[in-house]
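[1] Sequence first, then the predicted structure:
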Amino acid sequence: MRKSELALARRDLSEEQYAQEFECSFEAAVAGAYYGRLMARAEEERRVAPVPHDPAAPVWTSWDLGMRDATAIWFAQVIGREIRIIDYYEGCGVDLGHYVRELLGRPYVYAGHIVPHDAQAKELGTGKSRLEVLEQLGLKNITLAPMHRIEDGINAVRVFIPKCWFDAGKCARGIDALKLYRAEVDEKRVDPSGAPLLKPHAVHDWASHAADSFRYLAMSLDAKAARSGFHRRLDYGQHVVV
């Protein structure tokens, strides 16, 4: 294809569509992926790698609390201006006590735990909120993620990801979820190039639980990291997953 034709294609297609058609990008092949390009860049910059837990720094967790579906928990440390995403856990069909035991069984000292804003809502069956149940189970320093529009949260994650280092092994499922979290495709409407347009909301599937939890982390934790002026790159040697 001539350069002029490529230039016309780049003008008429979105970045994701162009990358899918002409650059063979796997991430771009997921139509409407919110974070695919950012996660691909993280891999290119070797920020998806073995990321060690620093015992000197406390750990934050961020939760998406599922009722009938999955609960997703990210584990993060703030080291200077770096956000180290050191662990991820997901479960389904178990009570809140299971997750508290999972956290307390890990060798982490916790700074606090971020839960969705609706965790303070009282449940009709018990008369208690999930926030109260978690506190009664021994979880301390629980904070509510700020109320926000989904669009604002997605933008916050897009700013947050370039500051993050992801443990490639422990966070593998969560990383895949961030790559695949996407807007729903509107099959009935197309753009001038003939490609389907996207609906203004995300697909609710297995990837959305990790993505929602990560959004709460970005909305709550980034301000804490920004208060530090220290920044340095991490050197993990040759054992890097790219």
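    Great, that's in hand.
[2] rest of the way, CA atoms for contacts and neighbours
    Fine.
[3] Report the contact partners of Gly112.
    When contacts are counted by CA atoms under 8 Å, 6 or more residues apart in numbering, Gly112 touches Val59, Trp60, Thr61, Lys140, Asn141, Ile142, Thr143.
[4] I'd guess Thr143 is in a helix, am I close?
    No: read with DSSP: H, G, I helix; E, B strand; the rest coil, Thr143 is strand and lies in no helix.
[5] Report the separation between it and Gly32.
    The spacing between Thr143 and Gly32, counted by CA to CA, to the nearest Å, is 31 Å.
[6] Now do the same for Lys179: helix, strand or coil?
    Once three-state DSSP is applied, Lys179 turns out helix.
[7] wait, it sits on Arg41?
    No: if you go by CA atoms under 8 Å, Lys179 and Arg41 don't touch, sitting 11.2 Å apart.
[8] Which residue of those two possesses the greater neighbour count?
    For Lys179 and Arg41, the more surrounded residue by other CA atoms under 10 Å is Lys179, and the numbers stand at 23 against 15.
[9] Tell me how far Phe166 lies from Arg149.
    26 Å.
[10] and if you look at Tyr88?
    Separation of Tyr88 from Arg149 (CA to CA) stands at 24 Å.
[11] Drop anything exposed from the contacts of Gly112.
    Among the contacts of Gly112, those scoring as buried are Val59, Trp60, Thr61, Ile142, Thr143 (criterion: 16 or more other CA atoms under 10 Å).
[12] For Phe166 and Arg149, indicate the residue with more neighbours.
    A direct count of neighbours by other CA under 10 Å for Phe166 and Arg149 places Phe166 higher, at 28 against 8.
[13] partner strands of the host helix or strand of the more buried one, parallel or antiparallel?
    Per DSSP states H and E: Phe166 is located in strand 164-167. Sheet pairing of strand 164-167 (DSSP bridges) gives strand 48-49 (parallel), strand 82-91 (parallel).
[14] Could you list the buried residues of that strand?
    Cys164, Trp165, Phe166, Asp167.
[15] List phi and psi for the residue nearest the centre of the chain.
    Computing the C-alpha centroid of the chain and ranking residues by CA atoms, centre = their mean puts Phe214 first, at 3.3 Å. Phe214 adopts backbone torsions of phi -70, psi -30, taken as degrees, to the nearest 10.
[16] That one contacts Ser62, doesn't it?
    Yes: if you go by CA under 8 Å, Phe214 and Ser62 touch, sitting 7.0 Å apart.
[17] joint contacts of those two?
    What both Phe214 and Ser62 touch, as defined by CA under 8 Å, 6+ apart, is the set Trp74.
[18] looking at this structure, which helix or strand is least sure?
    Lowest on mean pLDDT, DSSP states H and E among the helices and strands of the chain sits helix 15-22, with a mean of 44.
[19] Would you mind identifying the next helix or strand past that one?
    Note on helix 15-22: by DSSP H and E, the next helix or strand toward the C-terminus is helix 36-44.
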